[in-house]
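[1] please find the sequence and the predicted model below.
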Amino acid sequence: MATYREIHGKAVKSLDTDPSASTDAGQIWYNTVSNTFKSIVNIEAFASSAPLSTGRFATAGAGTQTAALVAGGYSTTQLNITEEYNGLGWASGGALNATRYYMGGAGTQTSALAMSGRNPSTSWALTNTEEYNGTAWTATTASPTGLNQVTTTGTQTAALLWGGVASPGGAHASTTFELNSEAWTAGGALPAGLKVAGAFGTQTAAMSAGNETGSTLYYNGASWSDQSATVPYSGADYWNYGGTSGTQTAGILMGGGPGASTTTAKWDGSTWSSNPAMATARAVGPMGPIGTSTAGLIAGGDPAVSASEEFNSSALVYTAAAWSSGTAFPGVRWNTSGTGTATASLVFGGSTGPATPTFLNTTFAGDGTSWTAGGATPINSINMFGSGSQTASIGGGGLASPGSNSTTAFTYNGASWTNITATPFATKGAGAAGTSTAALIIGSDVPGSDNQDSYSWNGSSWSEEGALNDTFQNGAAGGPTENTAFVAGSEYSPSPSTRFETYNGTAWTSGPNMTSAQYQNRGFGSSTEAMSLGGYDKITTAQRFNGTAWQSSPSLGVGRKQFASANFGASGVTNGWVGGGADGPSAVEEFTEESTTANVKTLTQS
């Protein structure tokens, strides 16, 4: 019997620490601490990712796992919106010229196609073809025949479209059409008509998978051939697959038929086999392959879900960015305020509301596992501003008991609060950024006040700074320094708002807008990377600014408004937290970024 050295050309290493690189996959070593043989092995799994901003099905899909798009589709009506994915979240793209669903997609995020489809208000089966350049859609040469529920693959300059239906209750088409640089020509006919099959590959090396017959067909640029391989889940009504990733010889078929399912199947070029299930049941997702057989993506699907999932086949374990439950506050806290990070947090003020509420002056410090009582604030107040770290925070203002809007301000040293010079105006619902010695307060929710004002604190006095471009009150705000501050959303003017403004120490700059409106929301981060979370009326929406645009982010687990959130002295969003809020949840949630770790397994003998 051959030894490990004879097979691999080297001996088994003895190590006291496990390797962590995916390049070590397949190697065997002896861990001298656990006294076990170990190896890094491949793992296949789906992981949840940031949801679409608009849940929908029957979209056109294109791109890769880290640079994808979906366009059009149907939620409660047909849509023309496009969303782009960068591996972390979905951001708004250019709108289709022709509103539609049940169309086909092909290409990449910056060079895509949307072909055919349906819009009951104009035509049951469309010939529209549009090209996308990463910014805008442009109409191009119409397809030869009006069809919807088509199957498509390829690139923007070399695409393939087959099957579909031309009229309600009509026969499934057996036609194939090739698109080459905006010119359509007829291709080889299918052995039998079909609609919405699984699509893989290129114009000259395509695969059509499934449908009522369960057939697996190859296209070589001229004709179709049956591969005598039946998709594991197929039969009557199996026309509504959820999505695809891969090529003619290596692909993943996801969800669908009949109805929504979590089932997926894997193709290796000759045989179909079972594959890990998705977390969310769906059918009729993106029509057009996205990604590869080892790095796939699916988003949306019937019944108009917004959930997205990534598929990975790798020696790495992928853990998606997510909110997880933290240690709850010691008691109910409405309209409370917070600063610090998830592992060094501070929460203060608020009320026990709503019926005969008691306004609070209590402070609690958190370490990620427990809360410890701190010094009392000088006033009992709700909706106070707050910024800084757990041991160097600034706070104040708000609606103070028994009902007066306050100008009181104070700083915290980790043990007690100390009054400082009052703010120039009452600051209920104001935002804040910076530290206890260099802070910025922003806007106000006090009637009659100038809620476009911002004032800086230098450790001894307040000075007027640049005015906001629009009023701000009771929205998301933050920043590690006064010249990296941001505000997002607002309760009034307009209400709710998608507005976003950043401050450079001199002036406020507007835009880009958030993907959806929020108010009574909270957030953290900086002018270059920020989050806007929750809001009226206790929603779980999370949006993330990446320095260029806003995109969707993993949703909160608990819907909340007017709550405490992180506001800390470091840029970025890692180690953020939220807690409390109107209607009194004491629940705390903590944000964790996406991560990867080597899939180390202990080897056993059986």
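    Great, that's in hand. Numbering: from 1, shown residues only.
[2] excluding chain neighbours, give the residue nearest to Ser381 in space.
    Distance criterion C-beta to C-beta, 6 or more residues apart in numbering; nearest residue to Ser381, sequence neighbours excluded, is Gly398 at 3.7 Å. In short, each C-beta sits where N, CA and C put it, glycine included.
[3] can I assume that neighbour is in contact with Met384?
    Yes. The criterion here is C-beta atoms under 8 Å, and Gly398 meets it with Met384 at 3.7 Å.
[4] now the common contact residues for the two.
    Ser337, Gly349, Thr427 (C-beta atoms under 8 Å, 6 or more residues apart in numbering).
[5] which one of these sits closest to Ala409?
    Among those, Thr427 lies closest to Ala409 (C-beta to C-beta), at 8.1 Å.
[6] nearest spatial neighbour of that closest one, skipping sequence neighbours?
    Leaving aside its sequence neighbours, Thr427 sits nearest to Gly397 (C-beta to C-beta, 6+ apart; 3.0 Å).
[7] now that neighbour: how far from Val196?
    From Gly397 over to Val196 the distance is 57 Å, taken as C-beta to C-beta, to the nearest Å.
[8] who has more neighbours out of those two?
    Applying other C-beta atoms under 10 Å to Gly397 and Val196 shows that Gly397 carries more neighbours, namely 31 against 27.
[9] wait, what's in contact with the more buried one?
    381, 383-385, 405-409, 423, 426-428, 430, 441, 444.
[10] restricted to strands, list the shared contacts of Gly398 and Met384.
    Using DSSP state E, the members of the shared contacts of Gly398 and Met384 that fall in strands are Ser337.
[11] for the shared contacts of Gly398 and Met384, which one is nearest Ala530?
    The shortest approach to Ala530 among the shared contacts of Gly398 and Met384 belongs to Ser337, at 18.1 Å (C-beta to C-beta).
[12] show me the contacts for that closest one.
    Counting by C-beta under 8 Å, 6+ apart, Ser337 makes contact with Val347, Phe348, Gly349, Gly350, Asn383, Met384, Phe385, Gly386, Gly395, Gly398, Ala564.
[13] counting neighbours, which of those residues comes out on top?
    Compared across these, Gly350 has the highest neighbour count, 34 neighbours, by other C-beta under 10 Å.
[14] gap between that one and Pro232?
    For Gly350, the distance to Pro232 (C-beta to C-beta) stands at 54 Å.
[15] Glu465 too?
    Glu465 is 64 Å from Pro232, by C-beta to C-beta.
[16] just give the nearest non-adjacent residue to the residue nearest in space to the middle of the chain, would you?
    With distances taken as C-alpha atoms, centre = their mean, the residue of the chain nearest its centroid is Ala50 (2.2 Å). Spatially, and ignoring its direct neighbours in sequence, Ala50 is nearest to Gly89 (3.9 Å; C-beta to C-beta, 6+ apart).
[17] what of Ile379?
    Ala400 (4.8 Å).
[18] roughly how far apart are the one you found and Asn361?
    According to C-beta to C-beta, Ala400 stands 10 Å off from Asn361.
[19] anything in contact with each of the two?
    Ile379, Asn380, Ser381.
[20] which SS class is the first one?
    Think Ile379. On the three-state scheme (DSSP: H, G, I helix; E, B strand; the rest coil), Ile379 is labelled coil.
[21] beta partners for Cys346?
    Let me fix one detail, which is that residue 346 is Leu and not Cys. Thr339, Ala365 (DSSP bridges).
[22] need the pLDDT of it.
    On pLDDT, Leu346 comes in at 96.
[23] and it, how many neighbours?
    29.
[24] shouldn't it be in contact with Phe329?
    No. If you go by C-beta under 8 Å, Leu346 and Phe329 don't touch, sitting 11.8 Å apart.
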